[in-house]
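Enquirer: Any chance you could fold what I've pasted below:
(one chain, ligands or ions: 1)
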Amino acid sequence: MKLSGRGVVCVRGGREVFSGLDFEAVSGEAVAVVGRNGAGKTSLLRLIAGLLMPAGGTIVLHGGDTDMTLPEQCHYLGHRDALKPALSVAENLSFWAEFLGGVRCDATESLATVGLDHATDLPAAFLSAGQRRRLSLARLLTVRRPVWLLDEPTTALDAAGQEMFSGLMRDHLARGGLIIAATHGPLGIESRELRIGGVT
Ligand SMILES: Nc1ncnc2c1ncn2[C@@H]1O[C@H](COP(=O)(O)OP(=O)(O)OP(=O)(O)O)[C@@H](O)[C@H]1O
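Expert: Predicted structure coming up:
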């Protein structure tokens, strides 16, 4: 499987953010997207996820499931946790599993893996920042998708959480998945750098 972008142009609010961007990532590989604030790292993830349209160029997944679109094969984890505060931890995960569709893995197991099995009935409103992030990560495990698009994924995670997450990323790569992560700091696993917007 290979994700490749050729000559990608990103325009936001009528202003060109980047242009002529070439990139690729293959199965088993993590790419860390780096660059100054406003360089377009989040925008690139959103372009790949199909949440924005490129103003030029192409983004194609080779060797994926031909019956599914690229966005249907991606998990996009934004830097803000998309959780419903009034729903419990388990209900939030169930909502996401329903929304994403496809084959579900065991939610209880996913919550145990991210260290939230003690809080399944707690409303998401009461979670700490790190716990909210852990709940977002559980989504990656409950519905399996090969392409992980992660925006500042380690934000708010403590040392143990970062270690747990590094393990999840390694497992994902070992299963043939690929990861594109926007980050200002170390990702926690071996990765190739994709710099956008010139030198920071
Ligand atoms: N909805 C929008 N309308 C207009 N411009 C936008 C919109 N969203 C983002 N932008 C602009 O697009 C540019 C790229 O933003 P983006 O969030 O992709 O950058 P980034 O590299 O992820 O930044 P950071 O490191 O600060 O997270 C910025 O100049 C931003 O102001």
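
Enquirer: Now C74: closest residue in space, sequence neighbours ignored.
Expert: What sits nearest to C74 in space, not counting adjacent residues and going by Cβ to Cβ, 6 or more residues apart in numbering, is V147, at 4.3 Å. The way it works is simple: take the backbone N, C-alpha and C, and place the C-beta from them, glycine included.

Enquirer: Is that neighbour bridged to anything, and to what?
Expert: The bridge-partner assignment for V147, based on DSSP bridges, gives C74, L178.

Enquirer: So which bits of the helix or strand that L141 is a member of are buried?
Expert: Taking DSSP states H and E as the definition, one finds L141 inside helix 129-142. When neighbours are counted by 16 or more other Cβ atoms under 10 Å, the buried residues of helix 129-142 are found to be 130-142.

Enquirer: Which secondary structure elements does it sit against?
Expert: Secondary structure elements in contact with helix 129-142, counted by 3 or more Cβ pairs under 8 Å, 6 or more residues apart in numbering; DSSP states H and E, are strand 74-77, helix 89-100, helix 107-113, helix 159-174.

Enquirer: Just put these in JSON lines and tack on mean pLDDT and mean neighbour count.
Expert: Rendered in JSON lines, the data for these read as follows (pLDDT from 0 to 100; neighbours: other Cβ atoms under 10 Å):
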{"stretch": "strand 74-77", "mean pLDDT": "96", "mean neighbour count": "22"}
{"stretch": "helix 89-100", "mean pLDDT": "93", "mean neighbour count": "18"}
{"stretch": "helix 107-113", "mean pLDDT": "93", "mean neighbour count": "18"}
{"stretch": "helix 159-174", "mean pLDDT": "97", "mean neighbour count": "16"}
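
Enquirer: Any chance of a markdown table for those, columns distance to G57?
Expert: Conversion of these to a markdown table gives the following (distance: least, Cβ to Cβ, whole Å):
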| stretch | distance to G57 |
| --- | --- |
| strand 74-77 | 18 |
| helix 89-100 | 27 |
| helix 107-113 | 35 |
| helix 159-174 | 26 |
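
Enquirer: Neighbours of the closest residue to the ligand within the chain, how many?
Expert: Among the residues of the chain, G13 lies closest to the ligand, at 2.7 Å counting by Cβ to the nearest ligand atom. Residues near G13, counting by other Cβ atoms under 10 Å, number 5.

Enquirer: Ok, L70 next?
Expert: Neighbours of L70 (other Cβ under 10 Å): 15.

Enquirer: Quick check on it: phi, psi?
Expert: The phi and psi torsions at L70 (degrees, to the nearest 10) take the values phi -60, psi -50.

Enquirer: mind listing what the closest residue to it other than its chain neighbours touches?
Expert: Nearest residue to L70 in three dimensions, chain neighbours excluded: L61, at 4.8 Å (Cβ to Cβ, 6+ apart). Residues counted as contacts of L61 (Cβ atoms under 8 Å, 6 or more residues apart in numbering) are 1-3, 70, 73, 147.

Enquirer: Please name the nearest non-neighbouring residue to S88.
Expert: Using Cβ to Cβ, 6+ apart, the nearest residue to S88 is D121, at 5.1 Å.

Enquirer: which stretches of this protein have low pLDDT?
Expert: Where the chain drops to pLDDT under 70, the residues are 198-200.
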